[in-house]
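Visitor: Build me a model:
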Amino acid sequence: FERLLPQTKLIVIGGSLPKGVSPSFVRELILTAYKKKVNVILNVQEHILSECLGGTELFMVIPDLRGCETIMGKNVCELKLLPQLAQDIISQGAEIVILNNESFKYSVYKKNECWEGEVEPGKEPIKTGVRDGLLAGFIHNYQKTGNLGEALKYGLGAALSTARNQRNYLNSKKEAEELRLVAKVRKVN
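Guide: Just a heads-up that it's a prediction; the model follows:
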C-alpha cells in the first residue's frame, strides 16, 4: 500500500472487511495515505465509518445506508435528519459527504454547500452497482470541474447507465454524459 501511494492521487476504500480484519486497519490506511497527501474516499458501513472519523481527514464519505435505520444516532429514514448527519460527518474530518435519500435521489454536502439531485430510473431496477456508478461518475466530473452540482448530475447519469447494464457497470462514458441531461439537480444552500 505504501509503495503505491507515490503514484496515486485518490484511493477509494469501500465494501466490507474480510473476516478477522478490524476497522482500525482501515483507519491506519487512511492515516498512511494522508501522510503522503493522497485523498481518500470512504464508502463503508457505520461500524467502519465510526472508527475512521475524528483525527483523520477524508476527501469524501459516502456511507452505506442500505439496511440500516440509524447511523451516528440519526434516523436515516427521516430525510429531514440527513443534513445534520452530513454536517456531523464533515465536522469529524470529511470534506464532502454524499447521502442516498431514496433509490435514485442523492444529496451532496460540503461545509457551506448542499445539492440535491435525482433521476427517474424508468424500468431499471435498483442494483448493487448503482451507488458505485454514481460515485465513479461524481469523482470523474468533480476532479475536472470542482463543481458539486455538475458532478452530481454526471454521477446520476453514470448511476442510471449502470442500472441499465446487466453486469452492473457503466455502459459507456458517452451514455453517462447523455443521461446526466435528464438528472434534476438543485442547489439547496
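Visitor: for the chain, which residue is closest to the average position?
Guide: Most central in the chain under Cα atoms, centre = their mean is Ile62, positioned 3.2 Å from the mean C-alpha point.
Visitor: Make sure that one is actually in contact with Ile98.
Guide: Yes - using Cβ atoms under 8 Å as the test, Ile62 is close enough to Ile98 to be in contact (4.3 Å). In short, each C-beta sits where N, CA and C put it, glycine included.
Visitor: who touches the nearest residue to Glu57 once chain neighbours are set aside in this structure?
Guide: Nearest non-adjacent residue to Glu57, counting by Cβ to Cβ, 6 or more residues apart in numbering: Gly93, 5.1 Å away. Counting by Cβ atoms under 8 Å, 6 or more residues apart in numbering, Gly93 makes contact with Leu53, Gly54, Gly55, Thr56, Glu57, Leu58.
Visitor: pretty sure the fourth one is in a strand, no?
Guide: When you say that, I think you mean Thr56. No - going by DSSP: H, G, I helix; E, B strand; the rest coil, the assignment for Thr56 is coil, not a strand.
Visitor: That one: what's it in contact with?
Guide: By Cβ under 8 Å, 6+ apart, the contact list for Thr56 reads Arg27, Ile30, Leu31, Tyr34, Gly93.
Visitor: can you tell me how far it sits from Lys173?
Guide: Distance from Thr56 to Lys173, counting by Cβ to Cβ, to the nearest Å: 32 Å.
Visitor: any low-confidence regions in this structure?
Guide: Low-confidence segments of the chain, defined by pLDDT under 70: 66-72, 74-78, 121-128, 166-171.
Visitor: Which parts of it are strands?
Guide: 10-14, 39-43, 58-61, 70-71, 74-75, 94-102, 105-110, 113-118, 184-187 (DSSP state E).
Visitor: Tell me, how many residues neighbour His47?
Guide: 12 (other Cβ atoms under 10 Å).
Visitor: What separation do you get for it and Leu4?
Guide: Separation of His47 from Leu4 (Cβ to Cβ) stands at 26 Å.
Visitor: again with Lys174
Guide: Separation of Lys174 from Leu4 (Cβ to Cβ): 30 Å.
Visitor: One more: Leu58?
Guide: In this view, Leu58 and Leu4 are 18 Å apart by Cβ to Cβ.
Visitor: do the same with Arg186
Guide: Distance of Arg186 to Leu4, given as Cβ to Cβ: 39 Å.
Visitor: check contacts around Thr145.
Guide: Ala151 are the contacts of Thr145 under Cβ under 8 Å, 6+ apart.
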